[in-house]
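Trainee: build me a model from this:
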Amino acid sequence: MTTTINVTINGVTKTATLVDNVATKALLELLAKGNVTVKTDDYGGFEKVGTFGTRLPTANTQIDTVPGDIVLYQGNSISFFYENNGWSYTMLGKLDINDVKEIKSFLAAGKGKIDIILSLK
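Mentor: Take a look at the predicted model:
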């Protein structure tokens, strides 16, 4: 079963397709209670990262991320990648955007703090 969520930044909404694991099940339960706004900032020149304010279960594996990947880091942070990186993460899903330039523009790559709103589709 494919599950998609909405990802909204600066009034623009795109979808993301989630993988099926314990973290995404917990994320969907959280979103069933209402939208979640994550205050993010650029980190390392390759991602937007912010904390949930709650912990989700992890299933960490070594992952080589690509632009558009969405991962859980340390159980309470979510990262949206606009460049590649490798680390131990729990994969959550991927933005449904195929063009790297569009991913970077949507995530305001390198432009500092933004709010990312997650909601059920």
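Trainee: quick one: the helices in this protein?
Mentor: Remark: helices assigned in the chain by DSSP state H are 22-32, 100-106.
Trainee: need the ones you listed in TSV (columns: distance to Val38).
Mentor: No exception for glycine: its C-beta is placed from N, CA and C like everyone else's. Converted to TSV, these look like this (distance: least, Cβ to Cβ, whole Å):
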stretch	distance to Val38
helix 22-32	11
helix 100-106	15
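Trainee: out of the ones you listed, which gets nearest to Arg55?
Mentor: helix 22-32 (8.8 Å; Cβ to Cβ).
Trainee: tell me the mean pLDDT over that closest one?
Mentor: For helix 22-32, the mean pLDDT works out to 96.
Trainee: show me what counts as buried in that helix.
Mentor: Residues 23-24, 26-27, 30-31 are the ones in helix 22-32 that count as buried (16 or more other Cβ atoms under 10 Å).
Trainee: quick one on the thing from earlier: out of the helices of the chain, which comes closest to Val71?
Mentor: Evaluated over the helices of the chain, closeness to Val71 peaks at helix 22-32, with 9.1 Å, by Cβ to Cβ.
Trainee: mind checking pLDDT for the most centrally placed residue in the chain?
Mentor: Geometric centre of the chain, nearest residue: Ile70, 3.5 Å, by Cα atoms, centre = their mean. At Ile70, the model reports a pLDDT of 98.
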